[in-house]
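>>> got a predicted structure here, sequence first:
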Amino acid sequence: MANYTVKDIQALRERTGAGMMDVKKALDEADGDVQKAMEVIRVKGLQGAAKREDRAAAEGLITATVKDGVGVMIEINSETDFVAKSDKFIELGNTVLEVAVASGAQNLDDLLAADYNGNPLSEYIKEEGALVGEKVEVRRMARLEGAYVDPYLHRTSADLPAQVGVLFAVDADSEAAQTAAHDVAVHIAAMSPTYLSRDEVPEDTVANERRIAEETARAEGKPERAMQNIIEGRLTGYFKEVALLDQPFAKDTKTTVGAVLDEAGTKAVSFARFRVGA
């Protein structure tokens, strides 16, 4: 029987993120040699990589950073929350984020093709997935620029890394603008707007919402003389749901996000919001 202890099993699990049975089998195969066992886990993981491609990777984390007015945020996924909260996976997320910043990648394809230790980053991610024995993938990235960009990461569970992330860019960097930007970033995390302003809502979407509002009003028997006011009122309600600047501000619903930014002497430039698996 191979010579290893429970502590060896626990240490190897922490280093690789692999399951207990996989770790024990690797140690048996390596006659208790931890370094050889790591190689066994890596090789077996790579051999099974093709089988993992069809698996769902719906767990994971969001991480973000801002440097010189440029905000970068990534979502990286795993199959289980056990792996998602492991130190090794969190370290992987930080490495991918560092590469995203250093490479200046503008989109996910650029990021995956970026150089990391002489190879495409995608190869490193594949190798790390092999070590943990799960499908691991970078799902998306965002890159925003502004006079000030606020990054906000939110944990939905105390034992998991951030599951919701927001980047919010504004056109001023005064103290008031920074405070407002942070408050709005928190608001975005909670209220999940789809568009920055009502002007960004596609015309066909607006037309469809107007049609639904009219059909609903007629089905309710609303008077014809009030029909247009009812339709426009319901369309305004729709904008308050999906357009950030029209939304009632989460900290004070008597005002809007747009009004909060105006009072702080700044304007919204753009935002990105990620939620793991959503």
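Thanks, I have the structure now. Numbering: from 1, shown residues only.

>>> okay, strands next: where are they in the stretch 151-278 of the chain?
For the stretch 151-278 of the chain, the strands defined by DSSP state E, counting those that start in this stretch occupy 164-170, 248-249, 252-256, 268-275.

>>> winner for burial among those strands?
Mean neighbour counts were taken over those using mean count of other C-beta atoms under 10 Å, and the top value, a mean of 25, falls to strand 164-170. Backbone N, C-alpha and C define where each C-beta goes, glycine included.

>>> direction included, what does that one pair up with?
Partners of strand 164-170 in the sheet, by DSSP bridges, are strand 148-154 (antiparallel), strand 268-275 (antiparallel).

>>> okay, strands next: where are they in the stretch 1-150 of the chain?
Counting by DSSP E, counting those that start in this stretch, the strands of the stretch 1-150 of the chain are 59-67, 70-78, 115-116, 119-120, 137-145, 148-154.

>>> okay, the ones you listed, which one's buried deepest?
Most buried among those, given mean count of other C-beta under 10 Å as the contact rule, is strand 70-78, at a mean of 25.

>>> what angle do that strand and strand 164-170 make?
170 degrees (axes from the mean of the first three to the mean of the last three C-alpha atoms, to 10 degrees).

>>> residues in contact with residue 190?
residue 250 (C-beta atoms under 8 Å, 6 or more residues apart in numbering).

>>> returning to what we had before: want to throw the strands paired with strand 164-170 into CSV with mean pLDDT?
Shown next, in CSV, are the strands paired with strand 164-170 (pLDDT from 0 to 100):
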stretch, mean pLDDT
strand 148-154, 97
strand 268-275, 97
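
>>> in CSV: the ones you listed, plus distance to residue 31.
Formatted as CSV, those follow (distance: least, C-beta to C-beta, whole Å):
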stretch, distance to residue 31
strand 148-154, 43
strand 268-275, 44
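
>>> quick one, which of the strands of the stretch 151-278 of the chain gets closest to residue 121.
The closest of those to residue 121 is strand 268-275. By C-beta to C-beta, the value is 18.7 Å.

>>> picking that back up, of the strands paired with strand 164-170, which is nearest residue 79?
Judged by C-beta to C-beta, the one of the strands paired with strand 164-170 that comes nearest to residue 79 is strand 268-275, at 17.4 Å.

>>> show me the shaky parts of the protein.
1-2, 17, 19, 43-57 (pLDDT under 70).

>>> tell me the domain boundaries of it?
Following automatic domain parsing, the chain resolves into domains at 6-47, 55-145.
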